[in-house]
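Engineer: with the sequence up front, the predicted model follows.
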Amino acid sequence: MANVRLEDIKRRFNNVTAIEDITFEIPDGEFWVLVGPSGCGKSTILRTIAGLESATSGKLFIGDRLVNNIPARQRDVAMVFQNYALYPHMSVAENIAFGLQMRKVDRKIIQERVMNVARSLSLDHLLDRKPKQLSGGQQQRVALGRAIAREPQVFLLDEPLSNLDAQLRDDTRAELKQLHQELGITTIYVTHDQVEAMTLADKIVVLNRGRIQQIGDPQTIYASPANQMVASFLGNPPMNILPAIYENNGFDVSGQLLEIPADVKEKLHLRQGHSFDLGIRPEHIKINTDAEGAERPATANRTQNSGLLSVEVKLVEPLGRETLIRAGLPGSAVVLNIQVGGDVRPRPGDRLSLQLDLNQLFVFDPKTGDKIL
Ligand code: ATP
């Protein structure tokens, strides 16, 4: 096993800079996930670590070894791709054994390892089958098995679940996590699926346009995103973004005044009349039933009506345990996602008063996406 260290890695393709300023160190045995929108450079980083691409500049270490000039097959890493890339004419057992045979490992040891790997991936009853006689999930497990059997120092996984259907993806994701807990091999995993990132990662690296936006554990990244891109990327439904203008008493949001408490005002004191993007997650909005004397929002140090917005319900999606509501601000195109308990079922056309949890409000610079608050 080994740690993996990237120092100021850059990769250009002709005049396109695919990645730059890429610096991080993955401690031995951790599971790191690289996420970001299409084209942000995830695969380029992974392929550079694998040795399938070479860095234009910067240093790459696996363990203590500088590997920039070491060919892929000597880096002691195993990569699993989204399209499995199994040998169609070989059986499952032969596919799993392939890397070991290439390295002339003793036959008895190969047999033993193939059996162990097959057992841990529930493939032991399929060892004689050819890939085309397997389901997608089984094929992907064989691809994983082939990588595991080699006992590499580092696992590199490039969207390994993206060809599987939803149920199988969930199951295989859980298996992968379990496998990592058992084997403890340093793993770098590329995905654009934020659920995979949140559930699998010790640390998430969020990328955009070839640069690192934030590195942190999933909970920190979710609760304290570094900027608007990170805030919008992680979370489903995503964080609501409301364009607003700051005025004396609060934010003008599409003609409604969102009153805010004094401590927030203080921090924004010099920014009167400026535009901002407000960010609030769907689970941090409640339906304000105060008018009927029912639920009273906890606003000990807040003014009575701070954080209130009125909206019109557009769409209601009951999901059992919870209900997702899409609601529009009257007279504007802004639509909010609201996540409430499954027993709450407003109807399209209903007018609602919303209570935003102002302790959970983010304020972003609309031009740069930088977090202001
Ligand atoms: P996706 O999620 O769509 O796979 P990604 O985040 O993995 O995207 P990369 O494949 O790493 O992104 O690509 C990063 C950038 O580098 C993109 O702009 C891409 O077009 C460019 N790029 C990647 N490989 C090459 C290449 N061989 N030649 C030219 N440009 C390339």
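Structural biologist: Yep, that arrived. Remember, it's a predicted structure, so these values are computed and weren't measured experimentally.

Engineer: in the stretch 151-300 of the chain, which ranges drop under the pLDDT threshold?
Structural biologist: Counting by pLDDT under 70, the stretch 151-300 of the chain shows low-confidence ranges at 269-270, 290-300.

Engineer: got the residues of it near the ligand?
Structural biologist: His192 (CB under 6 Å from any ligand atom). For every residue, glycine as well, the C-beta is placed using N, CA and C.

Engineer: which residue does the stretch 151-300 of the chain bring closest to the ligand?
Structural biologist: Closest to the ligand within the stretch 151-300 of the chain is His192: 5.1 Å, counting by CB to the nearest ligand atom.

Engineer: nearest residue to the residue nearest the centre of the chain other than its sequence neighbours?
Structural biologist: Among the residues of the chain, Gln194 comes closest to the average C-alpha position under CA atoms, centre = their mean, at 3.0 Å. Spatial nearest neighbour of Gln194, excluding adjacent residues (CB to CB, 6 or more residues apart in numbering): Leu234 at 5.0 Å.

Engineer: would you check that that neighbour makes contact with Glu196?
Structural biologist: No: because the distance of 11.4 Å does not satisfy CB atoms under 8 Å, Leu234 is recorded as not touching Glu196.

Engineer: and those two? which has more neighbours close in?
Structural biologist: Remark: of Leu234 and Glu196, Glu196 carries more neighbours, 24 against 21, as counted by other CB atoms under 10 Å.

Engineer: which helices and strands does the strand or helix carrying that one pack with?
Structural biologist: The secondary structure element spanning Glu196 is helix 194-200 (assigned by DSSP states H and E). Under the contact criterion of 3 or more CB pairs under 8 Å, 6 or more residues apart in numbering; DSSP states H and E, helix 194-200 touches strand 31-35, helix 166-183, strand 186-191, helix 218-223.

Engineer: what helices and strands are in contact with the first one?
Structural biologist: Other helices and strands packing on strand 31-35, by 3+ CB pairs under 8 Å, 6+ apart, are helix 42-50, strand 186-191, helix 194-200, strand 203-208.

Engineer: point out the residues in the stretch 1-150 of the chain that sit beside the ligand.
Structural biologist: Listed as neighbours of the ligand in the stretch 1-150 of the chain under the rule CB under 6 Å from any ligand atom: Phe13, Val16, Ala18, Gly36, Ser38, Gly39, Cys40, Gly41, Lys42, Ser43, Thr44.
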